[in-house]
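A.B. asks: Quick check, what structure comes out for this input:
(4 chains)
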There are 2 protein chains.
Amino acid sequence: MDASRELSYRPNTIARSLITRSSRTIAVVTYSLENPFYSSMLEKASRFFQAEGYHLLMFFAPPSGDFDAVLDNIIRSQVEGVLMLAITMTQAQARLVDDFGIPVVVINRTVDYPGISQVGSDNIQGGYWAGRYLASLGHQRIAFLGGLPDSSTHQQREAGFLEGLHSMNQDCLTIEIGNYRYEDACQATRRLFSSRTPPDAIFAANDLMAIAVMEILRHEFTLKVPSDVSIIGFDDVPMAAWPSHSLTTVRQPVDIMIQKATELLMKQMVQEDMQPEHLILPVTPMLRGSTRLPSR
Amino acid sequence: MDASRELSYRPNTIARSLITRSSRTIAVVTYSLENPFYSSMLEKASRFFQAEGYHLLMFFAPPSGDFDAVLDNIIRSQVEGVLMLAITMTQAQARLVDDFGIPVVVINRTVDYPGISQVGSDNIQGGYWAGRYLASLGHQRIAFLGGLPDSSTHQQREAGFLEGLHSMNQDCLTIEIGNYRYEDACQATRRLFSSRTPPDAIFAANDLMAIAVMEILRHEFTLKVPSDVSIIGFDDVPMAAWPSHSLTTVRQPVDIMIQKATELLMKQMVQEDMQPEHLILPVTPMLRGSTRLPSR
DNA sequence: ATGAAAGCGCTAACAC
DNA sequence: GTGTTAGCGCTTTCAT
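C.D. replies: Numbering: from 1, shown residues only, chains lettered A, B, ... in the order given. Predicted coordinates:
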């Protein structure tokens, strides 16, 4: 002990990992941290795992393209688990990492493969509520501002929304795509409101885009929110509650999602035989100032 | 090759790391991702290193306390470099990791130890400009909303600010602390404006806090920005340019900072003998709508 | 309790 | 080129 102190010896984690066959490392895969919803998830997950003696190894999905190469790197890296934050995977990709026996939890994406765990919230219900609620406010020209068209969240929120509108005998005026990004949503909003029949209400597939809509309407089209246009978002990021935005939105239970996801991943890492689970957590409508008041 | 495909063989990165003595891994240390300034830095750094075949291992500094334990983990983990994002280190801590021969680049903190590289921007100049500019607008009761009191950025921005005010024959009305956090800044704003002599201008040590001030003033105190109170922030995060905030701020050149920091770290990892550098990049005042117009 | 040795899966050096 | 071997720094097992 004296000598080890003298030489300021530190055990070599890599050598230890090799012999124990446990890297105490978890891959986190995401494609952007622009949305604070995911950067806060990242922080929470990281602190949780750090407390358990694990550390997160970051992998960013390339904007276009070779996600298979990323998966390959993940497999070689000997991580003990993978946390996918809003990453769309093919069945083949899911099977690949499952075949290597690496536990995976996918957050906010469903993937059509039973071997991995998924944690999400009830996008269909959230969309359904948004559709019904906007219609119930008396809006007649209701549009959807979608996220990434390939993502399950986009598809489910859209499907729920259309169904909600139909249940009120309405159709969706038009659908635009904002790719879950602020800038893209600004462009989409400009297109939407340059039309001869602009919407009088918008459901955006996340808060970041909903806030973009609000900014563009108020400051480029000098329209009032909510008196001219009602806006609903999705996520309930902290920013949505800031008084300037006061965004009516569909809250996803972030804390519970990340808690369940990390617990699930831990369990799967510890017991070989754990069955993958598919959790769909309930969402909560948050009524704020970006939707007009119900007339009654 | 056929057999390796058959068995879907993947080289074991850990075994390779052990023999080559290179983990192709870099530690990133931060204490919060609440400020998008840092989550975007994280994303950019991660993509850069990933393209070079390196991956980031995340370490979060505990809110209170044992940072030495984190450093110890970093050293054991055999990372080839450390990127500190806004982490305040003691001299002893800096020396420790330097003694282990691990290259370190500290972003947005100065540390009183010559052995490690530092990349930051000219906080003193930025603060100086903010002080002079607010005074030049005719403000008479100018306050400072500080960040983390122990951080070098806080201290430098404050020092520059006070000096700027003095150069215009003014003193700082009062100083409050917001710890670089949104919520803390809201509380600080409430304290500031409950006073009998509230400020008529505020310089906040980052944009997140500046926006918090704006929110509270407009919606809790029904004061107008900028006609009642001018506000200046620091960073120039994307949100600052959103029309609702239209925040006058001091831009830090994020892209250049992260580019320089990653390049520096790479160089130090490759050549043993590289001298640590201390880069102070120029800041740029961004005049927007949160400060009143110069009268002339 | 204390020590010696095998081996995790690679790479690099060295023979052939 | 092709094959063999030593060894990276640990943990674990087995013998003392």
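A.B. asks: can we go C-alpha only for contacts and neighbour counts from here?
C.D. replies: OK.
A.B. asks: how about the strands of the stretch 51-200 of chain A, start to end?
C.D. replies: If DSSP state E, counting those that start in this stretch is used as the criterion, the strands of the stretch 51-200 of chain A fall at A:55-60, A:81-85, A:104-107, A:117-121, A:142-146, A:174-177.
A.B. asks: Show me what the fourth one pairs with in its sheet, parallel or antiparallel.
C.D. replies: Which is strand A:117-121. Using DSSP bridges, the strands paired with strand A:117-121 are strand A:104-107 (parallel), strand A:278-281 (parallel).
A.B. asks: Next: the last one.
C.D. replies: Applying DSSP bridges, strand A:174-177 is found paired with strand A:142-146 (parallel).
A.B. asks: Give me the distance from stretch A:276-292 to the chain's centre.
C.D. replies: 12 Å (CA atoms, centre = their mean, to the nearest Å).
A.B. asks: What residues sit buried inside it?
C.D. replies: If you call a residue buried by 16 or more other CA atoms under 10 Å in any protein chain shown, then stretch A:276-292 has these buried ones: A:276, A:279, A:281, A:283-286, A:288-292.
A.B. asks: related to what we said a few turns ago, just put the strands of the stretch 51-200 of chain A in JSON lines and tack on distance to B:Asp66.
C.D. replies: Output for the strands of the stretch 51-200 of chain A, formatted as JSON lines (distance: least, CA to CA, whole Å):
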{"stretch": "strand A:55-60", "distance to B:Asp66": "16"}
{"stretch": "strand A:81-85", "distance to B:Asp66": "26"}
{"stretch": "strand A:104-107", "distance to B:Asp66": "30"}
{"stretch": "strand A:117-121", "distance to B:Asp66": "32"}
{"stretch": "strand A:142-146", "distance to B:Asp66": "44"}
{"stretch": "strand A:174-177", "distance to B:Asp66": "46"}
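A.B. asks: With respect to B:Arg76, which of those lies nearest?
C.D. replies: Taking CA to CA, strand A:55-60 is the member of the strands of the stretch 51-200 of chain A nearest to B:Arg76, at 12.4 Å.
A.B. asks: export the strands paired with strand A:117-121 to CSV and tack on mean pLDDT?
C.D. replies: CSV is the format used below for these (pLDDT from 0 to 100):
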stretch, mean pLDDT
strand A:104-107, 98
strand A:278-281, 98
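A.B. asks: would you list those strands in TSV and tack on distance to DNA strand C?
C.D. replies: Output for the strands paired with strand A:117-121, formatted as TSV (distance: least, CA to the nearest atom of the strand, whole Å):
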stretch	distance to DNA strand C
strand A:104-107	21
strand A:278-281	31
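A.B. asks: Between those strands, which one is closest to DNA strand D.
C.D. replies: Among those, strand A:104-107 comes nearest to DNA strand D, with 24.4 Å by CA to the nearest atom of the strand.
A.B. asks: Could the C-alpha coordinates of the closest one be exported in CSV?
C.D. replies: The C-alpha trace of strand A:104-107 is given here as CSV (Å, rounded to 0.1, in the frame of the first residue of the first chain):
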residue,chain,number,x,y,z
VAL,A,104,-30.7,-2.3,-25.7
VAL,A,105,-33.3,0.2,-24.5
VAL,A,106,-34.8,2.5,-27.1
ILE,A,107,-36.3,5.7,-25.8
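A.B. asks: Now do that strand: everything it contacts.
C.D. replies: Contact partners of strand A:104-107, identified using CA atoms under 8 Å, 6 or more residues apart in numbering or on different chains, comprise A:81-87, A:97-98, A:116-120, A:257, A:261, A:264-265.
A.B. asks: hang on, the earlier thing: mean neighbour count added to the strands of the stretch 51-200 of chain A, as TSV?
C.D. replies: Putting the strands of the stretch 51-200 of chain A into TSV (neighbours: other CA atoms under 10 Å in any protein chain shown) gives the following:
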stretch	mean neighbour count
strand A:55-60	24
strand A:81-85	24
strand A:104-107	26
strand A:117-121	24
strand A:142-146	25
strand A:174-177	18
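A.B. asks: ok, the residue of chain A found nearest chain B - contacts?
C.D. replies: Closest contact between chain A and chain B, by CA to the nearest CA, is at A:Leu57 (4.6 Å). Contacts for A:Leu57 (CA under 8 Å, 6+ apart) come out as A:25-28, B:55-58.
A.B. asks: Just the closest of those to DNA strand D, please.
C.D. replies: Set against DNA strand D, the nearest of these by CA to the nearest atom of the strand is A:Thr25 (15.4 Å).
A.B. asks: doesn't A:Leu83 make contact with that closest one?
C.D. replies: No. A:Thr25 is beyond contact range of A:Leu83, at 11.1 Å (criterion: CA atoms under 8 Å).
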